[in-house]
Structures are given as structure tokens and as C-alpha cells.
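> Here is my input; please provide its structure:
(chains A and B)
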Amino acid sequence: MNTELVAKELLHLKETDSTNSALKEMVAQKNLSEGFCLYTDYQKAGRGQYGKEWQSDPGQNLLMSVYLKPSFLPPDQAYRLTMSVCLALADMGQELDLKTQFKWPNDWYYGKHKLAGVLIEASLQKGRIQSCVIGIGINVKQRTFGDLKAIGLEEAAQRNLNRDDVLVNICEALDHRYRQLKMGLLDLQHQEFQEMLWGSKLSIPVLVEGERQRGICLGVEPGGDLLLQFNNGEIRKFRHREIEFIMD
Amino acid sequence: MDLKEIQNLIKFVARSGAAEVNLETEDFKINIKTESAVNSENTTQVISMPQMAAAPAAAPAPAAAPAAAAPEAPASPAAPAAAEDDSKYVTIKSPMIGTFYRRPSPDKDLFVNVGDEVSEGTVVCIIEAMKLFNEIESEVSGKIVKVLVDDQSPVEYDQPLFLVDPS
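Numbers count the residues shown, from 1 in each chain, chains lettered A, B, ... in the order given. Now for the predicted structure:
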């Protein structure tokens, strides 16, 4: 693997409750070096956002967590890290000739189907970010998702993929994007991220205060707020959960 | 202000490391000058962090750096009262705008409760901002005396979340 930081140390677990929880436990017990990466074949209790479950069939997908220390980021700009991780996913998609988009605030989509989700957990002390555990769940070989509008990378790219190759690709992409972030190429990443936002080119249906409306995503603020312009011209700023995208 | 309150104020000023405090209200005027005023007359240390003075909650924290008890703080009428009640407590504040969570997930136990002992590095809550989950660690050792925000409610930057008794 050709990286400077990410996955210089790599641990594979046959199964675990959740890669983020397992990695956080390791962080609490010993001094892990930055970039440490853990992945598993199966999460018994995969977690999405705050208690939501994340389902994945055994051995089909890439479920991983990476340990980083972005203490250079002010906590109110931690969303920049989400942007970097999303861009790394998109870089990997590009290698497979996939045109992908981000559904604000932190999902990776192919068309209207979800390819991957990101769950970042940061640890703060004295108002500074000490460390982060970045959980990434990428659908790779899974073909059926029940009621979920999701798709595997393999099906989207229409070619056979090896999960370990996907691991190498995402680690290399993340390594590159994280280095950019560290170097301060903030505007560049911000710009790229905004251009790939779901709803940035075409007006999309959204649910705001229970009402269905349409609008265009103008962009995001460094703190993560979404700027949306409704079809009547009105521009509004949204925080997470104040707006829902209708993906039908 | 009675004698006891004045005594408390003097004690508080002495412990805070502030060099000098001038307090004036409708009925009285008080000027407290500490030894450090004499010792540090040549330095500008005390006025180096004026933005801390704007937040009344910052003043009552004796464990904070000496500069935290900036001389402007007592100018606000709320400050003397706050100094009395909470002067010995340390405030844990939110480093960002977000949603305050007292549990790691809905089915789990609270991180901390009133009366719990915490040490430096103990996770006391999560602030979620844009689906990014920030575990907030205590920066002091002590006992939780007050939880100032309801579970799952929105918080602002610098909003006090917990009071910790470091003694």
C-alpha cells in the first residue's frame, strides 16, 4: 500500500461489534499511532448515526475505521474532515469510472443509491480535537439490500472487485486527501465537495418542516451548514435534521 | 453587599490571581488590590485575554489561568452573584454548535450524572454537529455538581454544559 500515514498499521478482525467501537477501545487501552486502520468481515452491531443500525452481509463489504489526529482543525470546522473523507471516496469511484455524488451531510451516492456512509467520532479536550475515529462502510459485493436504496460498488462499476483492492484504494485516497487537508488546501477541497453535492446542478425535492418543496444546493459552509435555494428564489441555511432529501 | 459577601469576594479575587478589581454598583464602590498587583505591575498579563471577561461563566473558575479572571469581569452586575454560587466550580463548555447527548447511544447509560466523580479525560457528553460525533472529555478531576443542558437539546458555542467541583 502506497501511503504515508493511513493504514501503515493494519488490523483485520474476522468479526466485531462495530469497527469504530473496537478501534475506540484500542485507543483507550494503548498508544496507537496515527493512521492505524482496522477492518472486519462482519459487524455484529454495526452502527450508523447515533444508534441507527448499519446492515451488512458477512464478507461482502468493506467495514473499516481509521485513527487520525487532526488537532490542527478547530472543532467548529471539523466538517472539513467529513469533506476530505467524502472526497477520498469519490477519488476511488473515479478510478472505477463512476460518477458519484455526496448526499449532504455525509453519504456517498451513485445515482439515487447509497454506496457508502461515513461515521466520524472525535474526542475533544480543552476545546481541541485530540483524535478522531473515522468509520467508513462501503457496499462492495452485496447485491440485495432489502428496502434500502443502496448499491454495491461492484454492481455500480459493473466489474468484479476484490474487497482488499478496495481497501487499498480507499486508504491511498484517504491518505492523499488527509495530507491535502493538513497542508491547508481547504478552499480546494471545499470547492470540489460542493461541486459534487447531490442537488447542486438540478433542483431536487426536499422536505422542510413537513412540506415538500424543491431547491438547489448552493453549497455548504465550513461548519457544515447547507445553503439551499428554493425554486421561488429564497435562500435558506439548514443544519442537519432541519431538511430531508426525498430520493424517489 | 454584607461583610460576608465582601470577604468572599476578596477571597475569590485573591485566589483568581487577578491584580486588581474595581467594582461599583448603585450603593457602593469597592477596590481590591492584591499582592500580585504589586508584583506584576510591569507586566500586562492580566489584560491579555479580554474576551474571557465577556463570559461571566469564565470568571468563577479558580482553576483557570490567572488571566481568566480579567479585571473587567466584575463590571457586569451578574458577576458577583455568580462568583458566590459557583466560584469554586469549573465549567465545562461546548466547543461548538451542535446537539448535546448525555448517552453514547439511546439504549446506553448516561456518561455522567450529578454526584459522579470524573477525572481528566473522562467522557462527559457527546456534541453532535453535522453527523460528526464529538466526545467531550473533562479537563479537570472532580465531582459533577450540575448538568446545565437537557439531553438531546441544541447547544451554542461556549455554552456551559456542566459544573464540576474540583475540590
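> Show me where chain B has its strands.
For chain B, the strands defined by DSSP state E occupy B:20-24, B:29-33, B:90-93, B:98-101, B:117-118, B:123-129, B:132-137, B:142-147, B:153-155, B:160-165.
> Neighbours of residue 146, how many?
Looking at chain A here, since you left the chain open. For A:Gly146, the count of nearby residues is 6 (other C-beta atoms under 10 Å in any protein chain shown). Where you see a C-beta, it was placed from the backbone N, CA and C, and this is true even at glycine.
> Actually, chain B is the one I wanted.
Using other C-beta under 10 Å, B:Lys146 has 15 other residues around it.
> distance of it from A:Lys141?
51 Å (C-beta to C-beta, to the nearest Å).
> now do A:Glu209
Going from A:Glu209 to A:Lys141 by C-beta to C-beta gives 40 Å.
> now do B:Gln7
For B:Gln7, the distance to A:Lys141 - C-beta to C-beta - is 73 Å.
> Of A:Glu209 and A:Lys141, which one has the most company?
The neighbour comparison of A:Glu209 against A:Lys141 (other C-beta under 10 Å) goes to A:Lys141, with 18 against 7.
> Flag the shaky bits of the chain, pLDDT-wise.
Since no chain was named, I'll use chain A. In the predicted model, chain A carries pLDDT under 70 at residues A:46-56.
> ah, I was thinking of chain B
For chain B (pLDDT under 70), the answer is B:1-4, B:6, B:9-21, B:23-30, B:32-85.
> burial of residue 96, as a residue count?
Answering for chain A, as no chain was given. Other residues near A:Leu96 number 16, with proximity taken as other C-beta under 10 Å.
> let's do chain B instead
Using other C-beta under 10 Å, B:Met96 has 26 neighbouring residues.
> pretty sure it contacts B:Ile127?
Yes - assessed by C-beta atoms under 8 Å, B:Met96 is found in contact with B:Ile127 at 5.9 Å.
> and for these two, which residues touch both?
B:Asn134 (C-beta atoms under 8 Å, 6 or more residues apart in numbering or on different chains).
> give the contact list for the residue in chain B positioned nearest to chain A.
Residue of chain B nearest chain A, by C-beta to the nearest C-beta: B:Met130 (3.3 Å). For B:Met130, the contacting residues are A:Tyr79, A:Thr82, A:Pro105, A:Asn106, A:Gly223, A:Gly224, A:Asp225, A:Arg239, A:His240, by C-beta under 8 Å, 6+ apart.
> Now narrow those to whatever sits close to chain B.
A:Tyr79, A:Thr82, A:Pro105, A:Asn106, A:Gly223, A:Gly224, A:Asp225, A:Arg239, A:His240 (C-beta under 8 Å from any C-beta of the partner chain).
> dump the residue contacts of the last one.
Neighbouring residues of A:His240 by C-beta under 8 Å, 6+ apart: A:Pro105, A:Gly224, B:Glu128, B:Ala129, B:Met130, B:Lys131.
> Could you measure from the fifth one over to A:Phe193?
This points to B:Met130. 12 Å.
> Then the first one?
Taken as C-beta to C-beta, the spacing of A:Pro105 relative to A:Phe193 amounts to 11 Å.
> And the third one, by the same measure?
Per C-beta to C-beta, B:Glu128 is found 20 Å from A:Phe193.
> And for B:Phe133, the neighbour number?
B:Phe133 has 26 nearby residues by other C-beta under 10 Å.
> What residues does the closest residue to it other than its chain neighbours make contact with?
Leaving aside its sequence neighbours, B:Phe133 sits nearest to A:Glu121 (C-beta to C-beta, 6 or more residues apart in numbering or on different chains; 4.5 Å). Going by C-beta under 8 Å, 6+ apart, A:Glu121 touches A:Asn20, A:Lys24, A:Cys132, A:Val133, A:Gly135, B:Leu132, B:Phe133, B:Asn134, B:Glu135.
> Just among those, which is most surrounded?
A:Gly135 (28 neighbours).
> Quick check: closest non-adjacent residue to A:Gln67.
Quick fix: residue A:67 is Tyr, not Gln. The shortest distance from A:Tyr67 to any non-neighbouring residue, by C-beta to C-beta, 6+ apart, is to A:Phe36 (4.3 Å).
> Got the phi and psi for that neighbour?
In terms of degrees, to the nearest 10, the main-chain angles of A:Phe36 are phi -50, psi 130.
> same check, this time on A:Glu244
Recorded main-chain torsions at A:Glu244 are phi -130, psi 140, according to degrees, to the nearest 10.
> Could you check how many residues crowd around it?
Residues lying near A:Glu244 (other C-beta under 10 Å) number 13.
> what separates the longest strand along chain A from the chain centre, distance-wise?
Counting residues, the longest strand found in chain A (DSSP E) is strand A:113-125. Using C-alpha atoms, centre = their mean, to the nearest Å, the mean C-alpha position of strand A:113-125 is found 6 Å from that of the whole chain.
> tilt between it and strand B:132-137?
Strand A:113-125 and strand B:132-137 meet at an angle of 20 degrees, taking axes from the mean of the first three to the mean of the last three C-alpha atoms, to 10 degrees as the criterion.
> what's the following helix or strand after strand A:113-125?
Per DSSP states H and E, the first helix or strand lying C-terminal to strand A:113-125 is strand A:128-138.
> Nothing else from me, thank you.
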